[in-house]
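# this one's structure only:
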């Protein structure tokens, strides 16, 4: 089955810096890759997703890149703000379910 | 519009008891998913409904876990003879159609604590 690895597990940046989180997946049949942000005590919230027919997608300060040959995808957050602090999860979908990475705790200090 | 809602938000029970967790999906969404999230981990898939039927229950850990969606909307996750290892946040998600590139929207979760 699908396996998703996510790095780093923790990331600390200064406000205004960029943050990059990387994920790899194992199932070449996966064709949908969402990123979720989870704040303490809340459910995961979709922030951006990418489908396998696209190499890059951008939404304001957030961008995602996908390399299907290498089976990895990355989240890029520019001009980070303190409210970006949260746990971020990548996921991949090959069959029915989303398979999640273990998460990255992002801390943005002002 | 309204998102996915789950009740209760917190549930504390004793080992061996039976619990029911409820999920109200986004109106019109035909697909519904249950996930379980342990502390410090990503959500793990439990079961997927397309309409009223369980299309994939491969993630259910054992036969103490069961879920229903009798009218194709609200779903209930049922856990019998709870064990301390069942303690986790149980998340529900819904999507419009359930196909492989369909966005899943999550609810806030139910935190289950088994004493």
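Yes, it's here. Fair warning: this is a prediction, and the values are worked out from it, not measured in the lab.
# For the rest of this, base every contact and every neighbour count on C-alpha atoms.
OK.
# Quick one: name the residues of chain B near chain A.
B:40-45, B:48, B:56, B:91, B:98-101, B:103, B:105-109 (CA under 8 Å from any CA of the partner chain).
# For residue A:61, grab the count of nearby residues.
For residue A:61, the neighbour count with other CA atoms under 10 Å in any protein chain shown is 11.
# roughly how far apart are it and chain B?
For residue A:61, the distance to chain B equals 21 Å [CA to the nearest CA, to the nearest Å].
# Residue A:3 now?
Residue A:3 is 12 Å from chain B, by CA to the nearest CA.
# Just to be sure, residue A:79 is in a helix?
No: per DSSP: H, G, I helix; E, B strand; the rest coil, residue A:79 lies outside any helix segment and is coil.
# List phi and psi for it.
phi 50, psi 50 (degrees, to the nearest 10).
# what's near enough to touch it?
Residue A:79 makes contact with A:15, A:16, A:17, A:18, A:61, according to CA atoms under 8 Å, 6 or more residues apart in numbering or on different chains.
# again, but for residue A:64
By CA under 8 Å, 6+ apart, the contact set of residue A:64 is A:48, A:49, A:50, A:56, A:57, A:58, A:73, A:74, A:75, A:76.
# mind checking the backbone torsions on the closest residue to chain B within chain A?
Scanning chain A for the residue nearest chain B gives residue A:43, at 4.0 Å (criterion: CA to the nearest CA). Main-chain torsions, residue A:43, degrees, to the nearest 10: phi -80, psi 160.
# for residue B:86, same thing?
According to degrees, to the nearest 10, residue B:86 has phi -80, psi -10.
# Now do it, the pLDDT please.
Note for residue B:86: predicted pLDDT of 98.
# Do I have it right that it meets residue B:111?
No: contact criterion CA atoms under 8 Å: residue B:86 and residue B:111 do not qualify, at 10.4 Å.
# Specify which residue of these two has the higher count of neighbours.
Neighbours were counted for residue B:86 and for residue B:111 using other CA under 10 Å; residue B:111 has more, 22 against 18.
# Quick check: closest non-adjacent residue to residue A:7.
Nearest non-adjacent residue to residue A:7, counting by CA to CA, 6 or more residues apart in numbering or on different chains: residue A:22, 5.4 Å away.
# ok, that neighbour - how many residues close by?
18.
# in what helix or strand does it lie?
Here residue A:22 sits within strand A:19-25, counting by DSSP states H and E.
# Any idea how far that strand is from the middle of the chain?
Remark: strand A:19-25 is offset 6 Å from the chain centroid, using CA atoms, centre = their mean, to the nearest Å.
# which neighbours does that strand have in its sheet, and in what orientation?
strand A:4-7 (antiparallel), strand A:72-77 (antiparallel) (DSSP bridges).
# Throw the ones you listed into a markdown table and include distance to residue B:62 and mean neighbour count, thanks.
Formatted as a markdown table, the strands paired with strand A:19-25 follow (distance: least, CA to CA, whole Å; neighbours: other CA atoms under 10 Å in any protein chain shown):
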| stretch | distance to residue B:62 | mean neighbour count |
| --- | --- | --- |
| strand A:4-7 | 24 | 19 |
| strand A:72-77 | 33 | 20 |
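# Is it possible to get CSV of the ones you listed that adds mean pLDDT?
Formatted as CSV, the strands paired with strand A:19-25 follow (pLDDT from 0 to 100):
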stretch, mean pLDDT
strand A:4-7, 98
strand A:72-77, 97
